[in-house]
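Peer 1: Can you look at this prediction? I've put the sequence above it.
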Amino acid sequence: MKLGAFSVSLAVKDINVSKEFYEGLGFAMFAGEIEKGYIILKNGESLVGLFQGMFEGNVLTFNPGWDQSAQNLDAFDDVREIHKHLAAKGISFDKEIGDSPAGPASIMFKDPDGNVILIDQHR
């Protein structure tokens, strides 16, 4: 099962303070809009998303169809197939996949320790 690009999405109190902190660790702005409360920072192949006021807690995020530079991959496992696979293993979902047969969709569930995992396909 190919889950795609991986990033950590952090729920932050002050996006500007967090941005400055992560820039001090060598991360640079990669995507997002600070005015809208979210940015993605990159250091090598490592991605950290900073989200202010969008969700509670931190999220492990996977993006099927993308590499670590948000470039489209030719071959990838669609989130609907990933959903079927995980459901067959008894995973229960906090956010179920919609009815669309293709294109953007996402699922959300928790690991055994309560960590939120988001599989978010953008194409």
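Peer 2: Yep, that arrived.
Peer 1: What pairs with the helix or strand containing L47, parallel or antiparallel?
Peer 2: If you go by DSSP states H and E, L47 is part of strand 46-51. Strand 46-51 has the following strand partners under DSSP bridges: strand 5-11 (parallel), strand 38-43 (antiparallel).
Peer 1: So for D99, which of those sits nearest?
Peer 2: Of all those, strand 5-11 sits nearest to D99, with 25.3 Å by CB to CB. Every C-beta, even on glycine, is put in place using the N, C-alpha and C of the backbone.
Peer 1: list the helices and strands the helix or strand that the closest one is followed by packs on?
Peer 2: Where DSSP H and E defines the elements, the next helix or strand beyond strand 5-11 is helix 15-24. Packed against helix 15-24 by the contact rule (3 or more CB pairs under 8 Å, 6 or more residues apart in numbering; DSSP states H and E) you find strand 38-43, strand 46-51.
Peer 1: chain center to whichever helix or strand comes after the last one: distance?
Peer 2: Meaning strand 46-51. Note on strand 46-51: by DSSP H and E, the next helix or strand toward the C-terminus is strand 59-63. The chain centroid and the centroid of strand 59-63 are separated by 3 Å under CA atoms, centre = their mean, to the nearest Å.
Peer 1: got the contact list for strand 59-63?
Peer 2: The contact list for strand 59-63, computed with CB atoms under 8 Å, 6 or more residues apart in numbering, reads 3-9, 11, 49, 70, 115-122.
Peer 1: Rank the helices and strands of this structure by mean pLDDT and give me the bottom one.
Peer 2: Lowest on mean pLDDT, DSSP states H and E among the helices and strands of the chain sits strand 93-95, with a mean of 90.
Peer 1: what's the next secondary structure element after that one?
Peer 2: Sequence-wise, the next helix or strand downstream of strand 93-95 (DSSP H and E) is strand 105-110.
Peer 1: Just the buried residues of that following strand, please?
Peer 2: 105-109 (16 or more other CB atoms under 10 Å).
Peer 1: how much does that strand deviate in direction from strand 59-63?
Peer 2: Counting by axes from the mean of the first three to the mean of the last three CA atoms, to 10 degrees, strand 105-110 points 150 degrees away from the direction of strand 59-63.
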